[in-house]
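Engineer: could you work out the structure for the sequence below:
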Amino acid sequence: MKRRHRMDLTRDVPKQVAEWMDEAALTLAALPAHGLRPSGARGFWPDIVPDEEDLEWARESDILPPRPTPDDVSRMDLVFSWLAFLGEGNENREIRKVVQLHMRVHPISGKRLLSWEKIAGKLGISRNTAHSRYLTACCIIAEKIRTGQFPLDRFDQIEHFPMS
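Structural biologist: Now for the predicted structure:
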């Protein structure tokens, strides 16, 4: 996937939003998960796997994906900030949940951990409804970007979110 630094408003914006969300999911999966505690901090609880599905993927190899660059992480942060457009509280809760579940990818293969059927089963909706909710989320975000209610890229954020 060709990584773009700016959103092209002359193209299909909801499709671009979906592409950026896919890239953010891959970036998140490629981030290192070790060394997250401060040195000397210990936990005595055992590691817990929250879902059986987390164990279902087959490891194709032991080769880890390359570490994301700072630009990749910045774009990922920007995409995650877009999710705030999907509403607070119970408003659009199901749409947010579909997007979050769809963004779970395997760190090595880059494949989705949950199919539309599994997402639908977790939420008690049909497969087509789950996919429709995802497309609705892309359209809501795209409309907010088109109308200028949110910056197009991380460079536009400087005026909205000044760095200290």
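Engineer: going forward, measure contacts and count neighbours with C-alpha atoms only.
Structural biologist: OK.
Engineer: which residues sit against the host helix or strand of L26?
Structural biologist: Element membership for L26 (DSSP states H and E) is helix 13-30. Contact with helix 13-30 is made by 7, 64-68, 72-73, 75-77, 79-80, 103-108, 110, 135, 138-139, 141-142, 146, as judged by CA atoms under 8 Å, 6 or more residues apart in numbering.
Engineer: switch to 7 Å and redo it
Structural biologist: 65, 67-68, 72-73, 75-76, 79, 103-107, 110, 138-139, 142 (CA atoms under 7 Å, 6 or more residues apart in numbering).
Engineer: filter these to the buried ones?
Structural biologist: 65, 68, 72-73, 75-76, 79, 103-107, 110, 138-139, 142 (16 or more other CA atoms under 10 Å).
Engineer: which elements pack onto the longest helix along the chain?
Structural biologist: Longest helix in the chain by number of residues, with DSSP state H as the criterion: helix 127-146. In this structure, helix 127-146 packs against helix 13-30, helix 93-102, helix 116-123, with contacts taken as 3 or more CA pairs under 7 Å, 6 or more residues apart in numbering; DSSP states H and E.
Engineer: among the ones you listed, which is nearest F150?
Structural biologist: helix 13-30 (12.9 Å; CA to CA).
Engineer: which parts of the closest one are buried?
Structural biologist: 13-14, 16-30.
Engineer: what does stretch 136-143 contact?
Structural biologist: Counting by CA under 7 Å, 6+ apart, 13-14, 17-18, 82, 85-86, 95 sit against stretch 136-143.
Engineer: follow-up on the earlier one: can I get the helices and strands packed on helix 127-146 in a markdown table including distance to A130 and mean pLDDT?
Structural biologist: Formatted as a markdown table, the helices and strands packed on helix 127-146 follow (distance: least, CA to CA, whole Å; pLDDT from 0 to 100):
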| stretch | distance to A130 | mean pLDDT |
| --- | --- | --- |
| helix 13-30 | 15 | 91 |
| helix 93-102 | 6 | 91 |
| helix 116-123 | 6 | 94 |
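Engineer: got JSON lines for these, with distance to T129 too?
Structural biologist: Below are the helices and strands packed on helix 127-146 laid out as JSON lines (distance: least, CA to CA, whole Å):
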{"stretch": "helix 13-30", "distance to T129": "17"}
{"stretch": "helix 93-102", "distance to T129": "10"}
{"stretch": "helix 116-123", "distance to T129": "8"}
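Engineer: which residue packs closest to H131, ignoring adjacent ones?
Structural biologist: Of all residues not flanking H131 in the chain, W116 sits nearest, at 6.6 Å (CA to CA, 6 or more residues apart in numbering).
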